[in-house]
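K.L.:
Here's a sequence, model it:
(2 chains)
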Amino acid sequence: MDLMVLPEINLQLCTGCGDCIKACEPRALTLVGGKAVLAHPELCQYEGGCEPACPVGAIQLPYLVVFAKDR
Amino acid sequence: MADSTVSALGLLRQVPYFASLPEHVLAALAQAVRFRRYARGQVIFLEREPCAGFFIVAAGEVKIFKLSPQGREQILQHLGPGHTFNEVAVLDGGPNPASASALTDATLCCIRREVIRQLALAHPELAWALIESLAQRARHLVAMVEDLSLRSVKARLARLLLAEAERASQADTLERSHLISQAEMAARLGTVREMIGRALRDLAEEGLITFDRHRIVIADRNRLQEVAELG
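P.N.:
Residues are numbered from 1 along each chain as shown, chains lettered A, B, ... in the order given. This next block holds a predicted model:
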């Protein structure tokens, strides 16, 4: 699996409230032009705090589901 | 014979319930096919709009879904190459019963309702094939009603995780369409993201799954299967 998997932000839904940025401990997210942006993808630990923090469902963390043997 | 007719014939032969149609019926259908391309995320048609025609997926993936007035999505089906959709509106002439959009870049074949109707009247084999497709759709929807009404979110999720892992294990190359977010799980299972988050935590605490960054790893397949079957 060589796909680069990162959180997805729907900029049309994002209201720029900043709740996801407060929830992101590694500080991978920031606000740019009033929208949340994954400015530092290398810092993202996929902890999953940003997704439930977003009040409008603008952030999604896609997952790959695998059997342990296929890992 | 034009190239597009040749490729349409190849596609029609991929549709399971068209496989036994005589060549002249397939050829007549192939003549009526129109290819259309859609970008990932593009809406193909919306529910309640006039019948958009009969569709066959030639390449890519499509989702069929319903939206609540509050914008909550219920995904009815994911469809790949060789699958058909919108038979109900084509047969009863009513509006599209659900919406459809492209999950990936997709190429679809579309046949107008009137063309299907005339061909079905002329060729009983095609009419029977369409009845078979409707019967399959009814089976799928009955199974979905059973799932939504009789199984817990946790059991439905267990079944979905097993199916997704099976799909990923059979893929030659992994793409975005092999990934699934909690919101997408919720839309597939008729619930909300919060319930999915809770059920995933339960399964993790019981040691059935583990999280490895963007991977949900099924650590105990047998026990997860038991959860899926218990309901």
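K.L.:
just the helices in chain A please.
P.N.:
Applying DSSP state H to chain A gives helices spanning A:19-23, A:50-53.
K.L.:
Render the CA-only coordinates of the shortest one in CSV, please.
P.N.:
Same thing as helix A:50-53. The C-alpha trace of helix A:50-53 is given here as CSV (Å, rounded to 0.1, in the frame of the first residue of the first chain):
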residue,chain,number,x,y,z
CYS,A,50,-9.9,16.7,14.1
GLU,A,51,-12.8,14.7,12.5
PRO,A,52,-15.1,14.7,15.6
ALA,A,53,-14.1,18.3,16.4
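K.L.:
and it, what's its mean pLDDT?
P.N.:
Helix A:50-53 shows a mean pLDDT of 93.
K.L.:
what packs against it?
P.N.:
helix A:19-23, strand A:59-60, helix B:193-205 (3 or more C-beta pairs under 8 Å, 6 or more residues apart in numbering or on different chains; DSSP states H and E). Heads up, the C-betas are built off the backbone N, CA and C, glycines and all.
K.L.:
which helices and strands sit right next to the second one?
P.N.:
Strand A:59-60 sits against strand A:8-9, helix A:50-53, helix B:182-189, with contacts defined as 3+ C-beta pairs under 8 Å, 6+ apart.
K.L.:
still on that earlier bit, and among the helices of chain A, the most buried is which?
P.N.:
Ranked by mean neighbour count, the helices of chain A are led by helix A:50-53 with a mean of 20 (mean count of other C-beta atoms under 10 Å in any protein chain shown).
K.L.:
Give me the below-cutoff pLDDT ranges for chain B.
P.N.:
The model of chain B has pLDDT under 70 over residues B:1-6.
K.L.:
Looking only at the longest helix anywhere in it, what residues are buried by neighbour count?
P.N.:
Using DSSP H, we find that the single longest helix of chain B is helix B:124-150. Across helix B:124-150, burial judged by 16 or more other C-beta atoms under 10 Å in any protein chain shown covers B:126-127, B:129-130, B:133, B:137, B:144, B:147.
K.L.:
Reformat those residues into CSV and put distance to residue A:6 next to each item.
P.N.:
Output for the buried residues of helix B:124-150, formatted as CSV (distance: C-beta to C-beta, whole Å):
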residue, distance to residue A:6
B:126, 47
B:127, 49
B:129, 44
B:130, 43
B:133, 39
B:137, 36
B:144, 32
B:147, 31
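K.L.:
Which single one of those residues is nearest to residue B:19?
P.N.:
Taking C-beta to C-beta as the measure, residue B:19 lies nearest residue B:129 of the buried residues of helix B:124-150, at 8.9 Å.
K.L.:
I'd like to know how far the closest one sits from chain A.
P.N.:
Residue B:129 sits 34 Å away from chain A, going by C-beta to the nearest C-beta, to the nearest Å.
K.L.:
Any figure for the gap between that residue and residue B:26?
P.N.:
Residue B:129 sits 10 Å away from residue B:26, taking C-beta to C-beta, to the nearest Å as the criterion.
K.L.:
list residues touching both of these two?
P.N.:
Both residue B:129 and residue B:26 are contacted by residue B:18, under the criterion C-beta atoms under 8 Å, 6 or more residues apart in numbering or on different chains.
K.L.:
Quote the end-to-end distance of stretch B:198-213.
P.N.:
The first and last residues of stretch B:198-213 sit 18 Å apart, counting by C-alpha to C-alpha, to the nearest Å.
K.L.:
can you tell if it touches chain A?
P.N.:
Yes. Using C-beta under 8 Å from any C-beta of the partner chain, stretch B:198-213 reaches chain A at B:212-213.
K.L.:
So what touches that stretch?
P.N.:
A:5, A:45-46, A:71, B:153-154, B:157-158, B:161, B:182, B:216-220, B:223-224, B:227.
K.L.:
Throw the helices and strands packed on strand A:59-60 into CSV and include distance to residue A:16, thanks.
P.N.:
Formatted as CSV, these follow (distance: least, C-beta to C-beta, whole Å):
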stretch, distance to residue A:16
strand A:8-9, 11
helix A:50-53, 13
helix B:182-189, 20
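K.L.:
what helix or strand does residue B:76 sit in?
P.N.:
If you go by DSSP states H and E, residue B:76 is part of strand B:73-79.
K.L.:
in its sheet, what does that strand sit against?
P.N.:
strand B:62-67 (antiparallel) (DSSP bridges).
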